[in-house]
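Student: fold the following for me, if possible:
(one chain, ligands or ions: 1)
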Amino acid sequence: MLQLYLCLLLPELHVIHVSDIHGGIYGHKDQPELGDIGTLLSYYQRVQQNISSNPEAAMLLIGTGDDCEGTALSGLSEIKCSEIYKFLTNVPFDMMTVGNHDLSQPASMEFLHEFQHNFPKKPFVTTNTFYNRTGERFSQPFKYQVMSNGIRVFMISLMFSPTQNDYQNTYTQNIEPTLRSLWFSEILSEYAVKSDIFLLNMHIGTLEPESHSTYKTIRALFDEFNYKIPIHVLGAHDHLVFHVICPPINGVVDKNCIATECGQMLKNLQHVVWTLAPHNVTTPVGINFTGSTATNVFPFEFDEMIVAPTHAGEGLAARFNIFPESFDTEDAIILRIQVQAKIKQVNVYQVIGASKFTYVYEKGVYFNDSFQRLWNLALMPALVFNRELQKRCYQFPITRVDNTFRKDVQQGNITLDDAVRMVPFSFNTTYLPNIEPEQAQCLYFWGNLARWNHDHDVISVERFQELFQKYKQTSNETAKIVPFYSVSNNTWEGPCYDMITTNYEEKRLTMGYKYCGITGHEPKVYPTSSGIQLTDELFIEFIKRYFNQNEEDEEFENENEQKIVITLIAALWLFGILAIAFFAFK
Ligand SMILES: [Zn+2]
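Tutor: This next block holds a predicted model:
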């Protein structure tokens with residue numbers, strides 16, 4: 001299919017997009033057909049080979065952040081994520097950026113600040129993210145590149161505007177003021193008139209309002225030059241998979257824009273081929289320049305990182321007219337061997353326990369097979385609840401599904417890697433101490449409304465209280481949905497509540513204080529009974545201590561064997577008696 005483009009005379013730009021790798025560079029045990037870092041490198045090199053005979057074709061590989069937090073290789077290395085960044089230097093990315101899961105790891109960010117210079121193409125761009133120690137941008141603010149076919153590419157990378165800046169050694173500026181700043185307008189006036197395409201690389205879910213508003217702002221800024229520049233919006237963070245023509249502005253469809261988002265953990269990739277034609281522009285102040293317009297925007301439909309054909313599509317190998325077995329390049333095979341050696345060294349596949357049941361992470365706490373329920377009603381009392389604190393107030397876990405779990409606990413053996421993939425987040429256990437029952441209930445309601453997520457849509461304290469009073473009368477409704485924050489009982493009859501949360505969530509929950517009339521009660525580090533504080537480590541310890549079913553299973557088997565022996569003996573006795581009786585009566 002790629003050959004189709006070789007006969008065209010207009011320049012074309014291949015944009016390959018991956019994001020949210022989350023340490024997932026070594027494939028998936030439960031879906032072995034899905035790709036790994038080797039598949040990505042092979043794909044890149046196959047496209048490169050394929051277009052090498054066409055001087056009109058060029059290629060860019062873009063990563064949109066969140067390389068950290070997700071697997072044992074990422075989470076258990078001495079500096080979290082460092083092994084992942086190291087392996088990623090083997091893939092020739094043209095532009096990369098950081099996401100919230102990179103920024104939330106201070107040691108990783110300190111490591112990456114120096115280490116980013118080892119990436120061969122200097123890909124890191126952080127347009128609105130700064131490094132506190134230097135006060136400078138964490139990476140270069142933008143990238144401008146003239147491709148081998150003459151296409152001039154202008155690229156920026158943005159991180160979503162923070163609810164609060166919770167990152168320890170980095171700082172993210174709000175997007176709108178960044179793009180409306182004098183600094184950006186100077187860059188724009190220099191580069192807008194000598195660019196053929198604009199890559200808007202954003203660690204923001206493509207369907208989020210901020211993604212749309214940012215694209216509108218960029219379009220408006222280029223309108224000041226009277227230039228409908230082709231724009232590729234590269235989204236991330238929500239792990240969705242799609243490519244779509246950008247949403248209309250004022251009812252007008254923008255054919256010079258496409259948006260892509262490409263899932264997570266190298267399960268998917270997006271590949272879009274832009275064909276560009278020269279386009280003369282006259283600015284409102286009468287300056288003439290030549291830009292580009294898109295004559296064709298072609299996204300490949302099959303977006304799974306799967307080499308061989310499947311029910312869903314032809315597979316990636318078919319794109320190059322090669323057999324799936326010959327898809328991997330030599331470099332990819334060598335890289336994969338290196339990754340496997342590291343995995344063996346870290347021993348990520350050691351079995352740490354076994355589960356008799358499956359616990360589903362997307363099920364509310366009221367279901368027996370809910371992961372939240374397991375966490376709140378089993379892990380919390382076993383490893384967290386503090387006996388001394390318990391004498392005074394109810395110990396009350398308040399657990400956000402989104403930022404605690406990422407996968408179901410599957411029935412069967414659990415490896416170290418499985419455990420980290422289930423709970424990849426490394427947050428400290430903290431608590432909001434001594435909250436009155438009515439206020440605790442109110443805060444839980446506040447959290448589930450996710451009001452902190454809607455600070456652009458400010459709600460008055462009175463209006464919130466109205467909603468809360470209504471909610472109290474229909475509180476069973478929450479049982480039917482997965483709440484943002486789960487709750488382990490809803491009687492609210494304790495004298496007071498210690499609301500156990502994490503250093504990440506406490507910032508969001510305390511935003512609800514003013515709505516629930518809470519003053520003081522500053523969050524504190526929770527002294528856990530096990531002495532283990534971090535969420536990922538708590539889960540690993542829980543599996544090791546309480547899900548070690550092997551011995552019990554053996555006993556169970558022995559018991560069964562005993563039963564069989566007893567039954568056999570009984571049968572023999574019966575046979576003997578019958579035989580005696582038979583002969584006696586004969
Ligand atoms: Zn993210």
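Student: neighbours of residue 77, just the number please.
Tutor: 19 (other Cβ atoms under 10 Å). In short, each C-beta sits where N, CA and C put it, glycine included.
Student: can you check residue 329 too?
Tutor: With neighbours defined by other Cβ under 10 Å, the count for residue 329 comes to 18.
Student: could you do the one 10 residues further on as well?
Tutor: Other residues near residue 339 number 21, with proximity taken as other Cβ under 10 Å.
Student: from the ion, how far off is the residue nearest the centre of the chain?
Tutor: A centroid search over the chain (Cα atoms, centre = their mean) returns residue 20, at 5.0 Å, as the residue closest to the centre. Distance from residue 20 to the ion, counting by Cβ to the ion, to the nearest Å: 6 Å.
Student: now residue 204
Tutor: From residue 204 to the ion the distance is 9 Å (Cβ to the ion).
Student: need the contact list for that residue.
Tutor: 158, 159, 160, 210, 211, 214, 235, 236, 237 (Cβ atoms under 8 Å, 6 or more residues apart in numbering).
Student: which pLDDT value does the model give it?
Tutor: Model confidence at residue 204, given as pLDDT, is 96.
Student: distance check, it against residue 235.
Tutor: 6 Å (Cβ to Cβ, to the nearest Å).
Student: give me the common contacts of those two.
Tutor: residue 211.
Student: right, and the residue nearest to the centre of the chain touches residue 66 too?
Tutor: Yes. The criterion here is Cβ atoms under 8 Å, and residue 20 meets it with residue 66 at 4.4 Å.
Student: overlap in contacts of those two?
Tutor: By the contact definition Cβ under 8 Å, 6+ apart, residue 20 and residue 66 are jointly contacted by 99, 236, 237, 264.
Student: out of those residues, which end up buried?
Tutor: Listed as buried from those are 99, 236, 237, 264; burial here means 16 or more other Cβ atoms under 10 Å.
Student: circling back: element containing the residue nearest to the centre of the chain, please.
Tutor: Using DSSP states H and E, residue 20 falls within no helix or strand.
Student: roughly how far does whichever residue of the stretch 101-250 of the chain sits closest to the ion sit from residue 208?
Tutor: Closest residue of the stretch 101-250 of the chain to the ion, Cβ to the ion: residue 237 (3.7 Å). Remark: distance between residue 237 and residue 208 (Cβ to Cβ) = 8 Å.
Student: got any residues that touch both of those two?
Tutor: Joint contacts of residue 237 and residue 208 (Cβ under 8 Å, 6+ apart) are residue 160.
Student: close to the ion: what parts of this structure are there?
Tutor: For the chain, the contact set with the ion under Cβ under 5 Å from the ion comprises 66, 99, 100, 237.
Student: doesn't the last one lie inside a helix?
Tutor: Right, residue 237. No. Using DSSP: H, G, I helix; E, B strand; the rest coil, the secondary structure at residue 237 is coil, not a helix.
Student: give me the three-state assignment for the residue nearest to it when sequence neighbours are not counted.
Tutor: In space, and not counting its chain neighbours, residue 237 is closest to residue 205: 4.9 Å by Cβ to Cβ, 6 or more residues apart in numbering. Classification of residue 205 using three-state DSSP returns coil.
Student: check the one 5 residues further on too.
Tutor: Using three-state DSSP, the three-state assignment for residue 210 comes out as helix.
Student: and what of residue 233?
Tutor: Here residue 233 is recorded as strand under three-state DSSP.
Student: got a list of what it touches?
Tutor: Residue 233 neighbours (Cβ under 8 Å, 6+ apart): 200, 202, 206, 211, 215, 246, 257, 258, 259, 260.
Student: just residue 276 next, same as before
Tutor: 10, 11, 12, 13, 151, 196, 197, 230, 292, 293, 294, 295.
Student: what's the pLDDT at it?
Tutor: We note a pLDDT of 97 for residue 276 in this prediction.
Student: sorry, back to before: export the residues of the chain next to the ion as CSV, with columns for pLDDT.
Tutor: Shown next, in CSV, are the residues of the chain next to the ion (pLDDT from 0 to 100):
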residue, pLDDT
66, 96
99, 96
100, 93
237, 94
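Student: closest to residue 428 out of these?
Tutor: residue 100 (16.6 Å; Cβ to Cβ).
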